[in-house]
Every structure is written in structure tokens, then in C-alpha cells.
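1. Sequence first, then the predicted structure, then my questions.
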Amino acid sequence: MGRMFGTDGVRGVANRELTPMLAMQLGMAGAYVLSKNADHRPVILVGCDTRRSGDMLANAIMAGACSVGADVVCLGVLPTPAVAFLAKKHGADAGVVISASHNPMEFNGIKFFDGNGFKLPDEKEDEIQAEIESGMKDITFPVGAGVGRVTYELDAYKEYVDHALELVPVRLGGFTFVVDTAEGASYRTNIEALERLGAKVIPIHNHPSGININDHCGSTHLEELQQRVVEEHANAGFAFDGDADRFLAVDEKGNVVNGDQIMAIVASRMKEQGTLRQNAIVVTVMSNLGLFLYGEQQGIHIEKTKVGDRYVLERMREMGANIGGEQSGHIILLDENTTGDGLLSCLHLARALAETGRPLSELAACCRMYPQALINAHVDNTKKEHYGDYPEIMARIDALEKEFAGKGRVLIRPSGTEPLVRVMIEGEDQDLIQKKARELADFIEKTMA
């Protein structure tokens, strides 16, 4: 069997790849691995997004955990960052989230957090997989009073909202926001938080049916939000994905404000207030050139990692930084939560609006976004990791970088799953960089054939 865990848990089409049997096994092995050294009866928190398959998978996971002697607290529908926060706050042995994030409703996923609210390292995930593949050989299944039980805390979302409002105590009276919750896990929490702060909230895509999550809405489909912000003469639009660990915004003119721009706005405020630790933002190599130029202008170090919010978090912890994330809207505010948190990111952006008195379009202008062109070069799967071994390819990339003279960037990376080398070029002229990306991708294909 290949590796079961991807970059964000175990995912697949629910009831096909991600079956109740697999969910139960993950519940057994996960509860065992994450609590085997505990000197108490383990406690596992379980939350899910609004997908119909969530009930099926949650019950399977809870049955598996109870079968190895763990008690389970079912939290019902809850954003991913809320489960991470509650696991840490209440001293649970682990938290489990059933969600496929921004993916279509037929997919689902299972991801684990440890008792400190952090996603598991590869070694722990591999240990869980090994336990499943061994037929649970290390597990003793209790009987009688040793079997775990399930309790339900379906109002736990209120603790998460209270926590967020304590961390970002801003008054938003006089502001109007259009808010798209993607028919997902934040349909209660994020609307309630903004309303309690005094904002006028116009919710859209906020009536989850179990089958409409992420359906042309949320942070991956901003078109309707852009239109509504302009029509409603709102101050901004806020969009979340299905499990609300991502957050993107739309300014008062209907323009998208992406994760790079949000981090720049929030980090600028943090620097002014003396709370920007290590004077740094941690991002992936896919962040826009504009963010790196912003860092140079503001004297803020922009630290790069490979793609994936887990790698951003690892580097943040290593260097002691307290803000980082991805252009897609995964933003981690490590002083406040242990994972990407859409609500906290939203509240910090709203506070910047309230405290500066400036429109979002002006705030976002601090970080100009350069056009990007992304072209895939099709290469043999066994060769894709070795593009750097071809001197002629590296010479072509170096020549392009010199041609751009600091006003453009070339990024080459192999696909993690497909026989592709991805070519991304950023620069000032969209037509030019599209042409150069196509030429470079064609050259890579020809050279590596």
C-alpha cells in the first residue's frame, strides 16, 4: 500500500475510497497511537464540516476510538481551527476533523491534531498507517467498563467564538460585510462573531444542506461575492472554505484581496504595534513576487518554504515567527491558534479597517500583486525531480531571471502526483510572461524527452 496520508490527512470520495471501514480503522489506530503513553482514559474530540457523509464517517471513527478504550466528545459541525483550539484548551489527547476542505461535497477527509492542537508529523501518521496494515496487532481491545463512550457537546462552537472575540476585541459598528461561508462549517461561528462585534452582515451561501458545500461558492469561487459587495455598497466581502481554515477577501470595489495581501496588511499592523516576532512572515515559494518586494520595502523578512501549510507551520515554530501562510488564504497566527484560522484572519483584517479608517483597496495596495503565468511541462514521471540536472535548462532559467532584472521571477517545481514539471513566471506584463512560460515549458519537455 502507498502512503495513506496526504498533505492534509486521509482524503477520497466518501464511501468509495474513504469508507466507513477505513474510518473505523483510523479511529482505532489513531486513538491508540496518540494516547498509548497516557496514564488516563484517553479523550478524543471529533468535529466535522457540513457534508452529508460526515455523519457516516464520524460515527465510524467514534466507534473505532471507543473500541480501544477512548472516550469521545462529538462536537458536531465545527471549523477545523475550532477543533484544534478546543483539543488544546481542554487537554484532550487528540482532535479529529472530518472534512475535505475546499473539495466538492462527494469527497471527504480525516485529519488528526495532537493534544497541543498541532497537525501530526509524518512519523505519527506513518505509525497510524502501520498499525492499520498490521491488523491492529499492538492493540488490546477492552471489554465491559473498559470500552469508551460518546458524549455530545454541540454548543462547543460558542467557546471558539468567545475565544476569537477575546483575542481581537474590535468594534465594527458602521461596517457592512458580505460574508460567504461556502455552505460549510463556519455558517454559525463566523457570522455570529462579526455580528457580535457590531457589523452589519449580509450572509450568502450560508444554508448548508449537506450537498451544497463549496458548490460555486466560498474562497475558491469569489465571483458572486465580488458582485454582491459592489451591489450592497459594502465595506468588504469575506470568504471562507468548507472547513474555514482558509480566508480571502474582496475590497469595496469588488477586487480580490488574496492571502499574500492579507498577510502584508496584518503583518504591517503587527510591526507597528511591536508584536511581529522575528520581524518575519513565513510563506511558500508560490507566494507572489509582490509580497517579497513588499518585505524589502518595509524591512520585513519573508521566509520561504516548500508548498503546504504544514511546512509553513514547521518553519514558523523553528524560527519563532508568529505569522505565516499561503496565497490561497491559509493564514496561521501562531500566538493565537495552532493552524490556519479563517475567523481570526478575518477579524484581524477587519480590525485593520476599523483602526486605520482606510478602505480595503488602499490597505491592499501596500502589496502589489504581479501577474502570474503557470504552464505545465509534460515529462517522464521518473525524470521530473531531476530537471535541475540539465545544464541547458538551468542556463535558460538563469537567462530569464537576468532578463527580468528583479522585476520578474521564474519558479520551477515538479508535481507531487503527476508526470509534470510546473513552470511559473511572474512579471509586470501578462502577455510577455505567458509567452515566456510557454517557451520554457516547451524547452523543458523537449530537453527532458
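-> All right, it came through fine.
2. max-length helix in the chain?
-> helix 430-448 (DSSP state H).
3. Would you mark the buried spots in that helix?
-> Buried residues in helix 430-448, counted by 16 or more other CB atoms under 10 Å: 432, 433, 434, 436, 437, 440, 441, 443, 444, 448. From N, CA and C alone the C-beta is placed, and that goes for glycine too.
4. What of stretch 156-163?
-> Buried residues in stretch 156-163, counted by 16+ other CB under 10 Å: 156, 157, 159, 160, 161, 163.
5. Just the residues contacting it, thanks.
-> The contact list for stretch 156-163 (CB atoms under 8 Å, 6 or more residues apart in numbering) reads 75-79, 81-82, 85-86, 89, 188-189, 192-193, 196, 343.
6. repeat that for 10 Å
-> With contact meaning CB atoms under 10 Å, 6 or more residues apart in numbering, stretch 156-163 is reached by 45, 47, 73-79, 81-86, 89-90, 153, 185-186, 188-193, 196, 336-337, 341, 343-344.
7. Of the residues you listed, which belong to helices?
-> 81-86, 89, 189-193, 196, 343-344.
8. quick revisit: could you redo the buried residues of stretch 156-163 as JSON lines and give each row distance to residue 28?
-> Shown next, in JSON lines, are those (distance: CB to CB, whole Å):
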{"residue": "156", "distance to residue 28": "24"}
{"residue": "157", "distance to residue 28": "27"}
{"residue": "159", "distance to residue 28": "28"}
{"residue": "160", "distance to residue 28": "28"}
{"residue": "161", "distance to residue 28": "33"}
{"residue": "163", "distance to residue 28": "31"}
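9. Considering those residues, which is situated nearest to residue 200?
-> residue 161 (17.9 Å; CB to CB).
10. quick one: which helix or strand includes the closest one?
-> helix 157-167 (DSSP states H and E).
11. CA atoms only for that helix, dumped as PDB, please.
-> Extracted in PDB, the C-alpha atoms of helix 157-167 (Å, rounded to 0.1, in the frame of the first residue of the first chain):
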ATOM      1  CA  TYR A 157     -18.700  26.300  18.800                       C
ATOM      2  CA  LYS A 158     -19.700  29.200  21.200                       C
ATOM      3  CA  GLU A 159     -16.400  28.700  23.100                       C
ATOM      4  CA  TYR A 160     -14.500  29.100  19.900                       C
ATOM      5  CA  VAL A 161     -16.400  32.300  19.000                       C
ATOM      6  CA  ASP A 162     -15.800  33.700  22.500                       C
ATOM      7  CA  HIS A 163     -12.100  32.900  22.200                       C
ATOM      8  CA  ALA A 164     -11.800  34.700  18.900                       C
ATOM      9  CA  LEU A 165     -13.600  37.800  20.200                       C
ATOM     10  CA  GLU A 166     -11.400  37.900  23.300                       C
ATOM     11  CA  LEU A 167      -8.200  37.800  21.100                       C
END
